[in-house]
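**Student:** Sharing a sequence plus its predicted fold:
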Amino acid sequence: MIQLDDIDKDILNLIQLDFPLDVHPFEKMSFQLGISEEELLERMGRLNEEGAVRRIGPVINTKRVGGISTLVALKAPESKIDEIAELINQHQEVSHNYLRQADYNIWFTVSAANKERLEQIINDLQEETGCPLINLPTKRLFKIGVKFDVK
Amino acid sequence: MSNDNVVMDEIDTRLLKLTQDGIPFVHSPFAMVAEELGIAEDEVICRIEQLQKNGFIRRFGASIGHRAIGITANAMCTWNVPDERVEEVGAVMAGFTEVTHCYERPRYPDWPYNLFTMVHSYTKEDCEYVAQEISKATGITDYNLLYSVREFKKTGVRL
C-alpha cells in the first residue's frame, strides 16, 4: 500500500469529480491546493507510477454514445481461475474483471458498440472458457457516482 | 439536464479517442489533442464541457487505483428484493452515500438476487455495517456481500 500525505489526499479527492476543465488544469489546481504547479506535477507523476492515479480522462457513458454494456458472472473451476481470467482480459471490450468469493467467482463488465457485438463477445467467451455464465445487464439504473473518499 | 437529441460530431469522437487513455501531466495537457484535431485548446475544453453537459461522458477526471491506496474492502452487495418493491427499495439504497452504484439486474434459476449495490471501504467491517443499515432501512434480509479478492482488470470504457 502507498503512503499518502495530506497533500496527496487533497489531490486525490480533488481530481475525481472536480478536475478543472481548463487549458492549464494543473496550474489552476495548484492554486487551490496551495502548492506550486511544479510540485503538483511531480506528485501526480509519483501517484500515477505507484498506481494511485490510473489516468485522467473522460468517463464515457456507454449507452449515451450509442453502445451497450453488461455485467457477466462466470463459474470458473478453482484450478483454472488465472487462465480463464486471462482469456477474458484479452478482449479489449472488457473494462473491469474481478475475482469474488461466490459460486460465480469471476465478475466482469463488457461494453460494445451494439447488441450483436456484445452477444458475440459473450458467446465467444462461453466457448473459450467452457464455463457456465450468466448475463446481467442493467434493467434499471438507480445510481452511479463513483467517488472514493480518500482518508 | 442532458439533451438526448444532440449527437456527437466527428471531432467529438476523435477527441474522446485521443483522451480516453488519459491526458499527460504537463502544463498544457490538451495542446497535442488540439493540434491533432486542428482546433484551439479553448475549443477542446469547451467540447469536453458540452460532452459532459449532454451526457456523453459522466465526468472528466481521474480514475483512482482504489486498492493501491488502501481501499481494499470492495463489496458487491446483492439483494433479493420482491419485484413489486424494486422501485422503492432501489431508491432507498441509492440514497446511502456509501453506495456508489445501484442497479436492478435480471434473476436466474441459480441466482435470485436482483438488486446490486457497490460499497468501497477501507475495512470489511465498514462494508458489513453499511449492508446491515441498508437491510434495516429496507427490510430486505436475503442478501450477500461479494468481496473482490483479486483485480484482474480495471480500465475505462473505451470508444
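**Tutor:** Looks like it came in fine.

**Student:** Check the gap between the closest residue to B:Arg107 other than its chain neighbours and A:Leu33 for me.
**Tutor:** Sequence neighbours aside, B:Asn114 is the residue nearest to B:Arg107 in space, at 5.1 Å (criterion: CB to CB, 6 or more residues apart in numbering or on different chains). In short, each C-beta sits where N, CA and C put it, glycine included. The gap separating B:Asn114 from A:Leu33 is 43 Å, by CB to CB, to the nearest Å.

**Student:** Might you report the residue contacts of residue 81?
**Tutor:** Here I'm looking at chain A. By CB atoms under 8 Å, 6 or more residues apart in numbering or on different chains, A:Ile81 lies in contact with A:99, A:105-106.

**Student:** please go with chain B instead
**Tutor:** So B:Val81 contacts B:89-90, B:114-115, B:138, B:140 (CB under 8 Å, 6+ apart).

**Student:** if we go to 7 Å?
**Tutor:** B:89, B:114-115, B:140 (CB atoms under 7 Å, 6 or more residues apart in numbering or on different chains).

**Student:** is any part of the helix or strand that contains B:Ala62 close to chain A?
**Tutor:** According to DSSP states H and E, B:Ala62 maps onto strand B:57-64. Yes: Strand B:57-64 comes into contact with chain A (CB under 7 Å from any CB of the partner chain), by way of B:57-64.

**Student:** Kindly indicate which of the residues you listed lies nearest B:Glu125.
**Tutor:** Set against B:Glu125, the nearest of the residues of strand B:57-64 next to chain A by CB to CB is B:Ile64 (21.7 Å).

**Student:** The closest one reaches A:Asn13, doesn't it?
**Tutor:** No: counting by CB atoms under 7 Å, B:Ile64 sits too far from A:Asn13 to count as a contact (9.6 Å).

**Student:** For the residue nearest to B:Arg107, which residues are in contact?
**Tutor:** B:80-81, B:86, B:104-105, B:107.

**Student:** Please identify the buried residues of the longest helix belonging to chain A?
**Tutor:** Identified as the longest helix of chain A according to DSSP state H is helix A:115-129. By 16 or more other CB atoms under 10 Å in any protein chain shown, the buried positions in helix A:115-129 come out as A:118, A:121-122, A:125, A:129.

**Student:** Pick out whichever of the residues you listed sits closest to A:Asn61.
**Tutor:** Out of those, the member with the shortest distance to A:Asn61 (by CB to CB) is A:Leu118, at 16.1 Å.

**Student:** Not including adjacent chain positions, what is the nearest residue to the residue in chain A that chain B sits nearest to?
**Tutor:** Here chain A gets closest to chain B at one residue, A:Arg55, 3.0 Å apart by CB to the nearest CB. What sits nearest to A:Arg55 in space, not counting adjacent residues and going by CB to CB, 6+ apart, is B:Gly22, at 3.0 Å.
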